[in-house]
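Peer 1: Provide a 3D model corresponding to the input given below.
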Amino acid sequence: MARLPGSPRPMAELALFLALSQKLTGVPTLGAEVARRHIETLRRVAGAAAVAAMLQRFGESVQGAGDPAAALQTLMEGDATFAALARALLGLWYTGLTREPGKEPVFSHPEDYFDALMWAAVGAHPPASSDGYFGHWRIPPDSGS
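Peer 2: Predicted coordinates:
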């Protein structure tokens, strides 16, 4: 089982999945419940063995690495299978869905669309989920500046 740098004990699968997700998304705090749904969705789409191999490769690559981000980049550039699964994982976190090549999109869970990272990234809310008053959409969102 893999260890993160500085960690004295092996990481559980979910912890490893969250560590990989955090590195890929750049978001330091991701929900464990959403992660559980995403890992199950990846297993359905890509297969349990492929997901296990992805997590093992990630764990091995960062285990002795001084810079886990650089180790992940090297892994992404050198392993097309890992990179494809990592892109599917990013799609799950940012949109709540993924797809097998040539097939229809697969949603992780309906809630994941509303909690997808894309909404914070673009500074918006999911359609049909606003608490705004009627016509609020005609006022541009606050840019934060």
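Peer 1: Contacts only, for Ala32.
Peer 2: The contact partners of Ala32, taken as C-beta atoms under 8 Å, 6 or more residues apart in numbering, are Leu14, Leu18. Where C-beta positions appear, they are placed from N, C-alpha and C, glycine not excepted.
Peer 1: would you list every one of the strands in the protein?
Peer 2: Residue ranges of the strands in the chain, as given by DSSP state E, are 97-99, 105-107.
Peer 1: Of those strands, which is nearest Arg57?
Peer 2: If you check each of the strands of the chain against Arg57 by C-beta to C-beta, strand 97-99 wins as the nearest, at 18.9 Å.
Peer 1: Quick check: mean pLDDT of that closest one?
Peer 2: Mean pLDDT, computed over strand 97-99, is 80.
Peer 1: Just the residues contacting that strand, thanks.
Peer 2: Defining contact as C-beta under 8 Å, 6+ apart, one finds that strand 97-99 is touched by 41-42, 45, 88-89, 91-92, 105-108, 112-113.
Peer 1: that older thread, most packed of the strands of the chain?
Peer 2: The highest mean neighbour count among the strands of the chain, using mean count of other C-beta atoms under 10 Å, belongs to strand 97-99: a mean of 18.
Peer 1: quick revisit: just the ones of the contacts of strand 97-99 in helices?
Peer 2: Those of the contacts of strand 97-99 mapping onto helices are Thr41, Leu42, Val45, Ala88, Leu89, Gly91, Leu92, Asp112, Tyr113, per DSSP state H.
Peer 1: hmm, back to that, save the strands of the chain as TSV, and put in distance to Ala53 too.
Peer 2: Supplementary listing: those in TSV, determined by distance: least, C-beta to C-beta, whole Å:
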stretch	distance to Ala53
strand 97-99	17
strand 105-107	20
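Peer 1: of those, which approaches Pro140 most closely?
Peer 2: Smallest distance to Pro140 across the strands of the chain (C-beta to C-beta): 27.5 Å, for strand 97-99.
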